[in-house]
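Student: My questions are about this predicted structure, shown below with the sequence.
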Amino acid sequence: MAALLASFDIAFLITSVLKIVFLTFLVILPLVAYSVYAERRFSAVIQDRVGPNRTGIPLTLFGFKKDIQILGIGGLVQPLADGLKFFLKEDFTPDSVNKFYYWLAPALTMVPALLTCVVLPFGSELQLSDLNGLLAWAGLPGFTENVKSVIADLNVGPLFIFAIASLGVYGIVLAGWASNSKYPFLGGVRSSAQMISYELSLGLSIIPVLMIFGDLNLSKMAASQDANGWLLLPFWGDSAPWQNGWNFGRWILLVPIFISFCVFTVSMFAETNRLPFDLAECETELVAGYHTEYSSMKFALFFMGEYAAMIIGSGLAVTFFLGGWSIPFAPVLSQLTGLQFHYVPGSTPLLLGLLHIGTFFAKIIVFILFFILIRWSLPRFRFDQLMKLGWLVMFELALANVILTAVIMAWIPIK
Amino acid sequence: MATIIVQRPKLAWHEKWFLSTLYKGLKITMAHAIRTFRQIVKREEKVTMEYPEQKWDASLPSYYRGAPALVTDEHGRERCVSCQLCEFICPPKAIKITPGEIPSDDPWAKVEKRPKAFEIDMIRCIYCGMCEEVCPEQAIYLRKDYAITGESRKEMVHDKERLYEIGGMRVGLVNKWNELK
């Protein structure tokens, strides 16, 4: 027993737990809550309304002059009020439902969505050896090396995400099936058909990316984009022709990468049940789709699962195509300013590590705002149009794209 | 009648594939979002009115139909003679009248009848104004009150006292079919 305990790397365990707590409870869940708020406010301004602007910490009750506002935008505590409302609602289980699956379904949408975030590199690395003095004072061993800003640095990152994320379909299908009601049933059936047809193109669309990187490790992908230019922005490092002996391979590869990005984004919209592909929910025809019979926290779990899936999907798209945590033109910036903006394995200052984390989430937030903007710009597809798009366009396009990338890479070998 | 066959517009390939149309849509939504965002931040005149602070009472049209109420004439006499026409015409059956006789020693004994109880269930009322139209004595009018709230069903039933409180006094003969009421 003692030998078993001694075999654990306690420092690794503690840092892992801290990273899990930081990422899921301090970043992803608040981000979920605030993306709901952002969705409501952004939809409101698109429709020339004001949106939820009243919920605030009532500082005026404590004698302050004004409630907290940023740029005159009120309602910043709305997510808390929403959460409180969900807690106070009656958790109602209809008599006619299949109880076991009815209770299982919400967890099955939320858990995979949160589970996939373990392989996302949300930053480069953190130099925590500055804390060693404090740790030594507390009688603990200090940090000998930098802490990587990723919970599990798996070598099968994208495959792991796709494997776990597709489990989320079960939540929706089970919810539709177990509810024993026509609208949820239709929603569940639609969702399963939709997910199956878009998962293919989602998986195929990133094969060109994997071919270019030659690696399945997401942190290494982000690091190589930091050094050699983002996939969609190849203007520094090895990808820039003026630095690699006038090899235009990466610039020509922009064509398949852009197709790949479009297919990936569209498939992700379908995968996360967002408009214009929200046929599983479809308020105008199916009441609320698969979660019609759900109330209170069970409904909230579906809701949070959907937004968490959105955040993870955006994180994945950002890591593949937009450089993950890397700062645009980082090596160039470093040269110009003399400060370090690019990632050097093993010697990244703590501030730069934090800046990388900030950059990653800034990119995710921009992507989520894009999600919301698309929601109000495109009408919902009809179901047959959706299936046609999935099977006859996206799938073929992704497949042809793989061949196109292969041909280009064989023609002009990139560094 | 001649039939007009409207041709569907022929879409170009880029419109069919949501390329130019997506761009147009994004332009419209972004323009609206930015304009309204700037209005909110700069606290300019907005499209929507922020209801409890700003009310549109001043700009209510003359024909606005709010809560129905009973009125008295210039002598303080209840105009209603409890003929129950409004009760019978009321589409959602919101009105309930208990007719009563006026005792012979009353100064208005000649009127013979007045309502003993007059109740309008404001949960049922649909503000159609039929009671106002049908009333031969011009005793019931739709006022401009629209925020009728209560914490129980009972509170939402307006009794006679409340109805006269909302209605108040209506002086002189009112030509209810005229443009100007």
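Tutor: That came through fine. Numbering: from 1, shown residues only, chains lettered A, B, ... in the order given.
Student: Check chain B for the residue nearest chain A and tell me.
Tutor: B:Gly25 (3.6 Å; CB to the nearest CB). (C-beta placed from N, C-alpha, C; glycine too.)
Student: and that residue, what element?
Tutor: Per DSSP states H and E, B:Gly25 falls inside helix B:20-42.
Student: Please name every helix or strand in contact with that helix.
Tutor: Counting contacts by 3 or more CB pairs under 8 Å, 6 or more residues apart in numbering or on different chains; DSSP states H and E, helix B:20-42 is packed against helix A:29-46, helix A:350-377, helix B:13-16.
Student: possible to save these as CSV with distance to B:Ile89, mean neighbour count and mean pLDDT?
Tutor: Conversion of the helices and strands packed on helix B:20-42 to CSV gives the following (distance: least, CB to CB, whole Å; neighbours: other CB atoms under 10 Å in any protein chain shown; pLDDT from 0 to 100):
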stretch, distance to B:Ile89, mean neighbour count, mean pLDDT
helix A:29-46, 42, 19, 88
helix A:350-377, 45, 19, 88
helix B:13-16, 54, 11, 84
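Student: Which among these is found nearest to B:Ile95?
Tutor: helix A:29-46 (39.9 Å; CB to CB).
Student: Any part of the closest one near chain B?
Tutor: Yes. Contact of helix A:29-46 with chain B is found when judged by CB under 8 Å from any CB of the partner chain, involving A:42, A:44-46.
Student: Which elements pack onto that helix?
Tutor: If contacts are counted by 3+ CB pairs under 8 Å, 6+ apart, helix A:29-46 sits against helix A:78-88, helix A:296-321, helix A:350-377, helix B:20-42.
Student: closest one to A:Ile28 among these?
Tutor: Taking CB to CB, helix A:296-321 is the member of the helices and strands packed on helix A:29-46 nearest to A:Ile28, at 6.1 Å.
Student: list the contacts for the residue in the stretch 251-400 of chain A positioned nearest to chain B?
Tutor: Proximity of the stretch 251-400 of chain A to chain B (CB to the nearest CB) peaks at A:Ser377, 3.6 Å away. Residues near A:Ser377 by CB atoms under 8 Å, 6 or more residues apart in numbering or on different chains: B:22, B:25-26, B:28-29.
Student: Can you redo the helices and strands packed on helix A:29-46 as JSON lines, where the extra columns are distance to B:Glu53?
Tutor: Shown next, in JSON lines, are the helices and strands packed on helix A:29-46 (distance: least, CB to CB, whole Å):
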{"stretch": "helix A:78-88", "distance to B:Glu53": "18"}
{"stretch": "helix A:296-321", "distance to B:Glu53": "31"}
{"stretch": "helix A:350-377", "distance to B:Glu53": "27"}
{"stretch": "helix B:20-42", "distance to B:Glu53": "15"}
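Student: rewinding a little: export the helix holding B:Gly25 as PDB, just CAs?
Tutor: Provided in PDB are the C-alpha atoms of helix B:20-42 (Å, rounded to 0.1, in the frame of the first residue of the first chain):
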ATOM      1  CA  SER B  20     -23.700  36.300 -51.200                       C
ATOM      2  CA  THR B  21     -26.900  35.800 -49.200                       C
ATOM      3  CA  LEU B  22     -24.900  35.000 -46.100                       C
ATOM      4  CA  TYR B  23     -22.800  38.100 -46.600                       C
ATOM      5  CA  LYS B  24     -26.000  40.300 -47.000                       C
ATOM      6  CA  GLY B  25     -27.500  38.700 -44.000                       C
ATOM      7  CA  LEU B  26     -24.400  39.300 -41.900                       C
ATOM      8  CA  LYS B  27     -24.300  42.900 -43.100                       C
ATOM      9  CA  ILE B  28     -27.900  43.500 -42.000                       C
ATOM     10  CA  THR B  29     -27.600  41.900 -38.600                       C
ATOM     11  CA  MET B  30     -24.200  43.500 -37.900                       C
ATOM     12  CA  ALA B  31     -25.500  47.000 -38.900                       C
ATOM     13  CA  HIS B  32     -28.500  46.600 -36.600                       C
ATOM     14  CA  ALA B  33     -26.400  45.300 -33.800                       C
ATOM     15  CA  ILE B  34     -23.900  48.100 -34.000                       C
ATOM     16  CA  ARG B  35     -26.500  50.800 -34.300                       C
ATOM     17  CA  THR B  36     -28.500  49.600 -31.400                       C
ATOM     18  CA  PHE B  37     -25.400  48.900 -29.300                       C
ATOM     19  CA  ARG B  38     -24.300  52.500 -29.800                       C
ATOM     20  CA  GLN B  39     -27.700  53.800 -28.900                       C
ATOM     21  CA  ILE B  40     -27.700  51.800 -25.700                       C
ATOM     22  CA  VAL B  41     -24.200  52.900 -24.700                       C
ATOM     23  CA  LYS B  42     -24.700  56.600 -25.600                       C
END
